[in-house]
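*Asks:* here is a sequence with its predicted model. Questions after.
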Number of protein chains: 2
Amino acid sequence: MLDQVYLNGAYLAASEAHLHVSDLSILRGYGVFDYFRVINGKPRFITDHLDRFRQSAAGLELDLPLGGAELGEVIQEVIDRNGPSTGGIRTILTGGYAGDGYTPQQPNLLVLPYTFTPPAPTYYAAGCTVMLHEYERQLPRVKSIDYLEGIRIQPLLRERSAQYPLYVDRRGCVRESDRSNFMIVVDGRLITPVDDVLLGITRRHLLRLAGQLGIPFEERDVTVEELLAADEAIICSSIKGAMPITRVDDQLIGGGDAGAITRQLMEAWREYA
Amino acid sequence: MLDQVYLNGAYLAASEAHLHVSDLSILRGYGVFDYFRVINGKPRFITDHLDRFRQSAAGLELDLPLGGAELGEVIQEVIDRNGPSTGGIRTILTGGYAGDGYTPQQPNLLVLPYTFTPPAPTYYAAGCTVMLHEYERQLPRVKSIDYLEGIRIQPLLRERSAQYPLYVDRRGCVRESDRSNFMIVVDGRLITPVDDVLLGITRRHLLRLAGQLGIPFEERDVTVEELLAADEAIICSSIKGAMPITRVDDQLIGGGDAGAITRQLMEAWREYA
């Protein structure tokens, strides 16, 4: 975390940024957040991210205390105070200080700045390995702070030499990763789930980019079988951009190399973003 | 919250009890807790609760920094410092301060004292109303801090004039409430689910008590149909003890009155606890 943060109307040193232990995030895991990249001092896709942040808050019946323009100004101020090392911003809205330990109160709003370290270049060149894992996120459209499963299975990922999980639902459909969306390419066509997933901002812009590049795409469920038989597979997020998936558990995808459409999207994403 | 709390080796005023915003409970909802009653200055069923607290921690790959005896001493000290108004203790173990926002570190341990206000007497005399709600807790054996759904549906409960939810799984079985276990009585026999529920300490002691009273009991799944046709239904927790359920959504249970076995267990619980 960088040095200057925002908490409930005040700018303060990160070392001073605390929440009282009666906050509902600490007592009950109750809160939402968003994260976006900052490039050359400007937040990227800020309108998309703040819209989603507000929708996530509404999903938990929490009210954002600032309007979009005001929150945008706060974010820019945090970026400016921390200077050019600011590479990402996390906004958090918690359930607030609950006397009864259960009823949401005036939410606590945080804006936290971070440096940015991109994933290792090898994962773009050679692709990453994902582990299939049976799990369904609760409230999938809400970017809540619930990462119990994603964090709990990190040791399992390391054991399996995988970088990321892919969550598979009870019907055998692949939905998303713990912090990323997911796409496949079949016969030159990009396919990505839309139901019961977090609607990622990078996902949305990659689809827009695919449209501009003349790559046909579909938003629909993807089964495990389709993934394993796919020509290419992609994992995407604000942190990763578009990254090739070249292995699913023990099985290679696309012969183990990043495919042509994935490389086209990675290239286009670099210029676009 | 009462005035004297414990945090990571120190006793301090509740107003001073904060966690830094890099804690994984705030960033990622990652933590476990337990709660138990304190009666006449003594924690109730402390061994059961501390065993479960340690098991919950292990379920999230978190290590309790104190052994059972040491933690017991800390808890007694917190009780003694707060005096006779101490009616309940919450222990919390979070994922700790995570520089990368995702990897658990040295956990933060909290012991928080509360006064105790029992549920309104009417809910024991006339019984409470529950609302059936489709939901499955993740990691049901772990008392994690994840209460996203329980808190999110509180307005819905009020709308329906229900006091508590009963979670129904995808197969139509009733599992538990948001902060309580659940039992029915059919033909003089107590039945309560055991799979995919939090193993409540009050639940365990009520079953023991049933055994002593010669009430036969079974631990097995209970369908919604069985609940609606049951002679009696009970919701139970450390806070509630045993409380009759006399209405499920719009349907009365047992004619709308607390049944004989429920009253017998409520009575016995009062003496036992």
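*Replies:* Arrived safely.

*Asks:* residue A:108: how many residues sit nearby?
*Replies:* 22 (other C-beta atoms under 10 Å in any protein chain shown). Any C-beta I mention is one placed from the backbone N, CA and C, and that applies to glycine too.

*Asks:* residue contacts, the closest residue to it other than its chain neighbours?
*Replies:* Leaving aside its sequence neighbours, residue A:108 sits nearest to residue A:94 (C-beta to C-beta, 6 or more residues apart in numbering or on different chains; 4.6 Å). Neighbouring residues of residue A:94 by C-beta atoms under 8 Å, 6 or more residues apart in numbering or on different chains: A:19, A:23-25, A:30-31, A:107-108, A:110, A:145, B:26.

*Asks:* centre of the chain to the helix or strand hosting residue A:262, how far?
*Replies:* Per DSSP states H and E, residue A:262 falls inside helix A:260-272. Relative to the centre of its chain, helix A:260-272 is centred 19 Å away, using C-alpha atoms, centre = their mean, to the nearest Å.

*Asks:* who's in contact with it?
*Replies:* Applying C-beta under 8 Å, 6+ apart, the external contacts of helix A:260-272 come out as A:124, A:185, A:188, A:190, A:205-206, A:209-210, A:212-213, A:215, A:232-234, A:241-244, A:258.

*Asks:* helices along the stretch 101-250 of chain A, start to end?
*Replies:* In the stretch 101-250 of chain A, the helices defined using DSSP state H, counting those that start in this stretch lie at A:122-125, A:148-152, A:154-159, A:201-212, A:224-229.

*Asks:* tell me which of those helices approaches chain B most closely.
*Replies:* helix A:148-152 (5.4 Å; C-beta to the nearest C-beta).

*Asks:* pick the most deeply packed of the helices of the stretch 101-250 of chain A.
*Replies:* helix A:148-152 (a mean of 21; mean count of other C-beta atoms under 10 Å in any protein chain shown).

*Asks:* list the contacts of it.
*Replies:* A:29, A:133, A:135, A:137, A:165, A:178-179, B:24, B:28-30, B:59-61, B:95, B:102-104, B:138-139, B:144, B:146.

*Asks:* if we go to 10 Å?
*Replies:* If you take C-beta atoms under 10 Å, 6 or more residues apart in numbering or on different chains as the criterion, helix A:148-152 is touched by A:29, A:133, A:135-138, A:157, A:164-165, A:167, A:177-179, B:24, B:27-32, B:59-62, B:95, B:98, B:102-104, B:138-139, B:142, B:144-146.

*Asks:* next to chain B, which bits of the stretch 151-273 of chain A? Give me the list.
*Replies:* A:151-155, A:170, A:178-179 (C-beta under 10 Å from any C-beta of the partner chain).

*Asks:* pull the most distant pair out of those residues.
*Replies:* The most widely separated members of these, counting by C-beta to C-beta, are A:155 and A:170 (24.3 Å).

*Asks:* dump the helices of the stretch 101-250 of chain A to a markdown table, plus mean pLDDT and distance to residue B:116.
*Replies:* Below are those laid out as a markdown table (pLDDT from 0 to 100; distance: least, C-beta to C-beta, whole Å):
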| stretch | mean pLDDT | distance to residue B:116 |
| --- | --- | --- |
| helix A:122-125 | 97 | 53 |
| helix A:148-152 | 98 | 29 |
| helix A:154-159 | 98 | 38 |
| helix A:201-212 | 98 | 46 |
| helix A:224-229 | 98 | 50 |
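
*Asks:* need those helices in CSV (columns: distance to residue A:52).
*Replies:* Output for those, formatted as CSV (distance: least, C-beta to C-beta, whole Å):
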stretch, distance to residue A:52
helix A:122-125, 25
helix A:148-152, 18
helix A:154-159, 25
helix A:201-212, 7
helix A:224-229, 26
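
*Asks:* relative to residue B:90, which of those is closest?
*Replies:* Ranking these by proximity to residue B:90 (C-beta to C-beta) places helix A:148-152 first, at 18.7 Å.

*Asks:* chain center to that closest one, what's the gap?
*Replies:* Centroid separation for helix A:148-152 versus its chain: 15 Å, with C-alpha atoms, centre = their mean.

*Asks:* how much space separates residue A:140 from residue A:175?
*Replies:* 7 Å (C-beta to C-beta, to the nearest Å).

*Asks:* which neighbours do those two share?
*Replies:* By C-beta under 10 Å, 6+ apart, the residues touching both residue A:140 and residue A:175 are A:167, A:169, A:193, A:195-198.

*Asks:* now, of the residues you listed, which are buried?
*Replies:* Neighbour-count burial (16 or more other C-beta atoms under 10 Å in any protein chain shown) applied to the shared contacts of residue A:140 and residue A:175 gives A:167, A:169, A:193, A:196-198.

*Asks:* make a PyMOL selection of whichever of the contacts of helix A:148-152 turn out to be buried.
*Replies:* Buried members of the contacts of helix A:148-152, defined by 16+ other C-beta under 10 Å, are picked up in PyMOL with:
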select buried, (chain A and resi 29+133+135+136+137+138+157+164+165+167+177+178+179) or (chain B and resi 24+27+28+29+30+31+32+59+60+62+95+98+102+104+138+139+142+144+145+146)
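
*Asks:* what is the helix or strand hosting residue A:58 packed up against?
*Replies:* Residue A:58 is part of helix A:46-59 when elements are defined by DSSP H and E. Under the contact definition 3 or more C-beta pairs under 10 Å, 6 or more residues apart in numbering or on different chains; DSSP states H and E, helix A:46-59 sits against strand A:31-39, helix A:68-82, strand A:88-94, helix A:201-212.

*Asks:* center of chain A, which residue is that?
*Replies:* What sits nearest the mean C-alpha location of chain A, by C-alpha atoms, centre = their mean, is residue A:179, with 4.3 Å.
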